[in-house]
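Chemist: Next come a sequence and a model predicted from it.
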Amino acid sequence: MLSAGKYVLVVVDEYVPGESFGDRAKLQAKAERVIRAQGNATGRGRMRPNGTLRRVKPPRGQLVSTGEEVPAGQSLRARMMTVEVRQGDINWDSLSKAQEAAAAGEYATTMGGFIMWLANDLEFARDVFRSKRLVFREDVQAEHKRTADVIAQLAAAWNLFLLFAIEVGAIHQEMAERIEADMWGGLTEVAGDQ
């Protein structure tokens, strides 16, 4: 599934382990397999009925999961960014406006434009992403190196999106710098909490 989602957001909804020990253990094992595969960029090795190995298909999209709990294990948690949403954290008016914009196709149009912008010079985009990722990763204060890399990847992706927004005239350089500072502040706060 994660291999088929090339360059897209793949949503795994509702990590809710249940009450029984058996249910919790099964869901934890599934979560470990999926999150480790995503974090390590590795697929599952499988065999055909005749004993020959099938081609390994690593995850190629970006995983987003929701749930009532966070899967156990420090190493596993370091491979993901956890954002807790508490009572009162959501501005319902802003959410309603965002949902209206989504229903009107504003986000789809923007994403389509971004994808076309990326496709126009994909090597440039990859180079910018790689270089910014390394710069951001050096600045993340996290106990685990994998957490720093998760944060750096998100920041580098945001940076690319802001370059696109400037180039198409949606925002100016000053606004992009403010947005990047807010984004970086939020991501480093999450990294510190994690």
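Modeler: On my side now, so go ahead. Numbering: from 1, shown residues only.
Chemist: quick one, longest helix in this structure?
Modeler: helix 145-167 (DSSP state H).
Chemist: which residues touch that helix?
Modeler: With contacts defined as C-beta atoms under 8 Å, 6 or more residues apart in numbering, helix 145-167 is touched by 39, 75, 78-81, 113-114, 117-118, 125, 128-130, 132-137, 140, 142, 171-173, 176, 179-180, 183-184, 187-188, 190-191, 194. In this view, the C-beta of every residue, glycine as well, is placed from N, C-alpha and C.
Chemist: Tell me who's in contact with the residue nearest to the spatial centre of the chain.
Modeler: For the chain, the residue sitting closest to the mean C-alpha position, by C-alpha atoms, centre = their mean, is residue 62 at 4.9 Å. The contact partners of residue 62, by C-beta under 8 Å, 6+ apart, come to 8-10.
Chemist: beta partners for it?
Modeler: Per DSSP bridges, the residues bridged to residue 62 are residue 9.
Chemist: phi, psi of the residue of the chain most remote from its centre?
Modeler: Going by C-alpha atoms, centre = their mean, the residue of the chain most distant from its centre is residue 50, 37.4 Å out. Phi and psi for residue 50, reported as degrees, to the nearest 10, are phi -90, psi 0.
Chemist: Got the confidence number for it?
Modeler: Residue 50 carries a pLDDT value of 89.
Chemist: And stretch 26-38, what's buried?
Modeler: For stretch 26-38, the neighbour count (16 or more other C-beta atoms under 10 Å) marks 27-28, 31-32, 34-35, 37-38 as buried.
Chemist: Domain map for the protein?
Modeler: 9-78, 92-193 (automatic domain parsing).
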